[in-house]
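Asker: show me the folded form of this:
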Amino acid sequence: MDHKTAQEIALKRYGFIAPLVSGNIDTYKSKSDFFRDAGSKAGVHPHTVRRW
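Answerer: This next block holds a predicted model:
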């Protein structure tokens, strides 16, 4: 994998978890709801997002 591809993947992953990292998930009832929503946007299983 080249540097550009690795950076794109990292930025996409960070974009999904940024609200959790910044503590800005007040719009969700629970962290589970956040993971479910992030997983649906990513097109991957919510547990994959949780592992990141």
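Asker: the protein: helices as residue ranges?
Answerer: Using DSSP state H, the helices found in the chain span residues 3-22, 31-42, 46-51.
Asker: restrict the second one to CA atoms and write it as CSV.
Answerer: Right, helix 31-42. Extracted C-alpha coordinates of helix 31-42, given in CSV (Å, rounded to 0.1, in the frame of the first residue of the first chain):
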residue,chain,number,x,y,z
LYS,A,31,-22.3,4.8,22.3
SER,A,32,-23.9,1.7,20.8
ASP,A,33,-26.1,4.0,18.7
PHE,A,34,-23.0,5.9,17.6
PHE,A,35,-21.2,2.7,16.6
ARG,A,36,-24.3,1.5,14.7
ASP,A,37,-24.6,4.8,12.8
ALA,A,38,-20.9,5.0,12.0
GLY,A,39,-20.9,1.4,10.8
SER,A,40,-23.8,2.1,8.5
LYS,A,41,-22.1,5.1,7.0
ALA,A,42,-18.8,3.1,6.5
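Asker: which of the helices and strands in this protein ranks last by mean pLDDT?
Answerer: Counting by mean pLDDT, DSSP states H and E, the weakest-scoring helix or strand in the chain turns out to be helix 46-51, with a mean of 65.
Asker: need the nearest residue in space to residue 16, chain neighbours excluded.
Answerer: residue 38 (4.6 Å; CB to CB, 6 or more residues apart in numbering). Any C-beta I mention is one placed from the backbone N, CA and C, and that applies to glycine too.
Asker: same question, residue 21
Answerer: Of all residues not flanking residue 21 in the chain, residue 14 sits nearest, at 7.9 Å (CB to CB, 6+ apart).
Asker: quick one: pLDDT of the residue nearest to the spatial centre of the chain?
Answerer: With distances taken as CA atoms, centre = their mean, residue 16 lies nearest the centre of the chain, 2.7 Å away. pLDDT, residue 16: 78.
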